[in-house]
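J.: pasting a predicted model and its sequence here:
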Amino acid sequence: MGLTGISLVLFLIVHAGINACVFADLVDPEENGAMFNKAAHFMGSTVLIRITEIGLFAGIILHIVQGLLLTAENKKRRTVGYAVAYTAGSKWYSRSMGLLGTLILLFLILHLYHFWASARFTGRGLEPVTYNGVEMHNMFGLMKATFSEWWVVIVYALGCISLYYHLAHGFQSAFKTLGVHNKRYNAMLSSLGYGFSAVITIVFILMPLSFVMGWVG
Amino acid sequence: MLDAKIPSGPLETKWTEYKGHCKLVNPANKRKLEVIVVGTGLAGASAAATLGELGYKVKAFCFQDSPRRAHSIAAQGGINAAKNYQNDGDSIFRLFYDTIKGGDYRAREANVHRLAEVSGNIIDQCVAQGVPFAREYGGLLSNRSFGGTQVQRTFYAAGQTGQQLLIGAYQALERQVALGNVKMYSRHEMLEVVKIDGKARGIIARDLVKGTLERHFGHAVLLCTGGYGNVFYLSTNAMGSNVTAAWKAHKQGAAFANPCFTQIHPTCIPVSGDHQSKLTLMSESLRNDGRIWVPKKKGETRKATEIPEEERDYYLERRYPAFGNLVPRDVASRAAKERCDEGYGVGTSKQAVYLDFADAIVRYGKIEAGKEGKPDLGMDEIIALGKEVVKEKYGNLFDMYEKITGENPYEVPMRIYPAVHYTMGGLWVDYELQTTVPGLYALGEANFSDHGANRLGASALMQGLADGYFVIPYTLGNNLAEEIYSKAVETSHPAFEAAEKEVAARIEKLMSIKGKQSVESFHKRLGKIMWDKCGMARNKEGLQQAIREIQELKKEFWSDVRIPGSIDEMNPELDKANRVADFLELGELMCQDAYNRNESCGGHFREDFQTPDGEALRDDANYMYVAAWEYKGEHEWTLHKEPLVYEVVKPTQRSYK
Amino acid sequence: MEHYNMNLTVKVWRQKNSRAQGNFESYSVKNISSEMSFLEMIDVLNEELIVEGKEPIAFDHDCREGICGQCSMYINGKPHGPWQANTTCQLHMRAFKDGDTIVVEPWRSAAFPVIKDLMVDRSAFDRIVQAGGFVSVNTGNAVDGNSIPINKDAADASFAAAMCIGCGACVAACKNSSAMLFLSAKVAHLALLPQGDPERKTRVMNMVAQMDKEGFGACTNTGACEATCPKEISISNIARLNHEYLRAGLTAEK
């Protein structure tokens, strides 16, 4: 759980970094998503990254399978439940990782349909765009179109908030599972975990918000 | 009847000589010999583990849900050992001497010297097991002083020494369980000793979960079942601590020695009402820093903090200027009782005295201020610094006090009162820890041998582990060497059948009374009689009266006790009834013993035998003996005397003025 | 401290034996002093039940001073009741007020079957210790206690872990019924000392295997165990256990 979790955390860093390219538009209004489209093209056309993508999907699936097995196994360990639940000793999101994970998965399906499926297979809503003689997908345009509807933006925001809480527990939990017991490092990792979760979430929410508000594009 | 089997020769070589010449059992034969160990406290767990390691087939029993719960776990202060790591003049002889003197010259020299000899090995063994004793910055073991001795020989693990030592022994025991050398029976209570041809050959135990009786054979039976302080109902013992195993042994012929020697610990949290179920000890170490006082005015109603200094009576410092607040436990307890009886007691019950840390807080605060180079600090800041120091030293005790009483002892003085803590008396044993029934042994608090009439602090843990780790493996072997030809007896033997039948009949009788009063109410009434008439102070008339009252109470118990539920199930009320029935008989014997001993010594204080200024008056000419009582029938005992011969130590009157 | 008396409703889980179905019963208790301990309140209730000819409530308890680890009630949704760093036997009625309803349940875990009412069978803990929670040193093997100096910080940390009283509150509190805090306290206690070093790898592997066999759940680091532990055993011990386990697993030769 911890190992796959941390590999997904690494992916989030790359994902957020590439997507942040859309904000180049804020600096230079003429830019019109060029930087982002180039970055997306690089990611989509490099063989090594395509191989890594398989690993990523495997990681996601493994993380889900592990989670399901863990939840199922743990559920069996208490056959008769309590009349009054013990809630004060732990955070609600620490106890709700399965629920949060499920919400993230639902969001992920929508998200993959919107972008990944289009770019790879269907080409739905994609215009070609050419930079320096290289033709590539106008992913920026697709984002603009997708995030023109408020309901999509709200669903994305909710998905990202689920991700925040999932990470708030998952980040530090992963390190404990991997055996980091040094008190000093644990304190550092704990702050880093909350900070990382917050930054990732804010960056991701800002994108759809920026499009729908017309700050970019 | 009483042959102590003390080896001849000079005191300091007796044990070495014994070990050099005792009989041994070869490993192949050990596998064929079965040993039953009842009780899994320090003595029982260490004995069961060690005998398992040696290769004996061991069965261990405890009534708790796990062997780790035994009440040794509650010991706070520490364990003595004559290591002399502090280079302050300690030696085996000094530990021996202090223990004999502390016991008011009523213990057996040879046993106590052996205890002192093996004390160092105990520390080594426990360290090797991973017991996390307190250490100095250099990584070596730390010591503290305890109980008025002049050297620092007490090893400790914060305020939880007993817990750590017991867990060490428990882990050693569980290791033997895993290896198959020991079979553990938790939630089992021993209810009878089975004798065949005059030798102890097994026990009848009750599975407390199923309620069924079981027969278990052993070539020898070891009772490591602790003390009987719960005869007083209120004591610092655990709720389940009981005399039943020892009492069954007694009724099967094992003599009971010095039953009246009870230790009343001076610093316990006082009783708060009729609902009280047990008393909690505040470690003796608190008396190093706390000052004990009562108001000078009878029936004082002001709060402690409102009573000015000149209206306080620091009675221990007044009466015993040389030792002050650090007089031994028996002396401190009696002095507190005297003040309360005179009407100077404090708190709602007026049965308490103050243990005040205000002076210590200021003293430590000033030292800290000096260390920090701030000699001009205001009083409030000094007090704040002092509280930090006190917190570091006694924090867990202060927290415990606050949980129980709801009062903050950093702000107001603690209220304390003496409470029953330990019983020096127990089954009579010889040098080999064998009772007067061959094949039946008693270890730890269950026997009588090492503490005389008063036990020194931090010596109970030492004795339990000495008996279990280092004494019984030799002495048991010496006797079992003669048993290698005896085959294990089938438990279908008529002796087992008869014993089981008797136990079953008694349980059925108890259940069939169906009276009106609960077991608890009888226990409370017994406790009150014992505390009032056979407690901290005893006298001739009171004891006679107590004997009559206990006999009456016993009759009432057997005709009016009410035990709900049934036999063949988990039934805590029935378990309790079995124990209280035995306490009722023990109580009578205690009073008889106290009545017989026409002197005051250690924990036994007879009001009719005291010096003009109220100190204990010993009578060495007539009472320098162990009183070993043989059971003859209901209310009937024969006294056997084991004279105490002091070859090395010269008894003197203890004085702490 | 002001004393007061209170009347309460106590809702207790009653279950005749491990095979029987259990259910809650409500009792009203009157004139309970704020100075009583929680178990003394149950004692009062039991005395009343006995006089009324009913069966008293069975519960585990022994030392009543917070150290033996035998008491085990789950009170108002928390093991050992509302106070922090506390055992049931040290909980006092000051924690409640007149008119309160108190719900008392046994530890709930498949690995801790109910024996009767509030009593559960915690022998699984003993078996976990049997799997390796010891130093293999026979009596008489020991060298002098001061022959191996031990860093004071390590000794103190070891002691802090060794303070575990084996009560099982961690399991009762954990939504997964995991015994990781208990197990990790023992592993940490011995791993931090040189005496425990030779068996370090086999100990952790065997103890974890036994824990899984006993039917405890897996740890998801929620922290409920640490929050309820009467001896405040730190959850960092669990991380240390994971460290020991990974180290042992990665370097095992067979």
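T.: Nice, I can see it.
J.: contacting residues around the closest residue to chain B within chain A?
T.: With CB to the nearest CB as the measure, residue A:181 is the residue of chain A nearest to chain B, at 17.8 Å. Bear in mind the C-beta positions are built from the backbone N, C-alpha and C, glycine included. For residue A:181, the contact set (CB atoms under 8 Å, 6 or more residues apart in numbering or on different chains) comprises C:236-237, C:239-240, C:242-243.
J.: which one of these is nearest residue B:8?
T.: Lowest distance from residue B:8 to those (CB to CB) belongs to residue C:237, with 54.3 Å.
J.: domain assignment for chain C?
T.: C:5-116, C:123-251 (automatic domain parsing).
J.: list just the nearest of the contacts of residue A:181 to chain B.
T.: residue C:237 (13.9 Å).
J.: sec struct for the closest one, please.
T.: Secondary structure, DSSP: H, G, I helix; E, B strand; the rest coil: residue C:237 is helix.
J.: deepest-packed of the domains of chain C, please.
T.: Of all the domains of chain C, domain C:123-251 has the most neighbours on average by mean count of other CB atoms under 10 Å in any protein chain shown, namely a mean of 22.
J.: centre of the chain to that one, how far?
T.: The chain centre lies 14 Å from the centre of domain C:123-251; the measure is CA atoms, centre = their mean, to the nearest Å.
J.: compute the first-to-last residue distance for it.
T.: One end of domain C:123-251 to the other measures 31 Å (CA to CA, to the nearest Å).
J.: report whether it contacts chain A.
T.: Yes. Using CB under 8 Å from any CB of the partner chain, domain C:123-251 reaches chain A at C:173, C:175-178, C:215-228, C:235-240, C:242-247.
J.: for the record, mean pLDDT for that domain?
T.: Confidence over domain C:123-251 (mean pLDDT, whole number) is 97.
J.: equivalent analysis for stretch A:156-171, please.
T.: Averaged across stretch A:156-171, the pLDDT comes to 97.
J.: in that stretch, which residues are buried?
T.: A:156-157, A:159-171 (16 or more other CB atoms under 10 Å in any protein chain shown).
J.: closest one to residue B:161 out of those, please.
T.: residue A:169 (39.2 Å).
J.: residues contacting the nearest residue to the closest one once chain neighbours are set aside?
T.: Closest residue to residue A:169 apart from its sequence neighbours, by CB to CB, 6 or more residues apart in numbering or on different chains: residue A:94 at 4.5 Å. Residue A:94 is in contact with A:169, A:173, C:220-223, counting by CB under 8 Å, 6+ apart.
J.: returning to that earlier point: wait, which of the domains of chain C is closest to residue A:10?
T.: Using CB to CB, the domains of chain C put domain C:123-251 closest to residue A:10, at 19.5 Å.
J.: could you see whether chain B lies near that closest one?
T.: Yes. On the criterion CB under 8 Å from any CB, domain C:123-251 is in touch with chain B at C:123, C:125-126, C:129-131, C:133-146, C:148-152, C:155-156, C:158-159, C:162-163, C:165-166, C:189-190, C:193, C:195-196.
J.: among those residues, name the ones in helices.
T.: Residues of those located in helices (DSSP state H): C:123, C:125-126, C:129-130, C:152, C:155-156, C:158-159, C:162, C:189-190.
J.: farthest pair within these?
T.: Longest span within these, CB to CB: C:123 and C:152, 35.7 Å.
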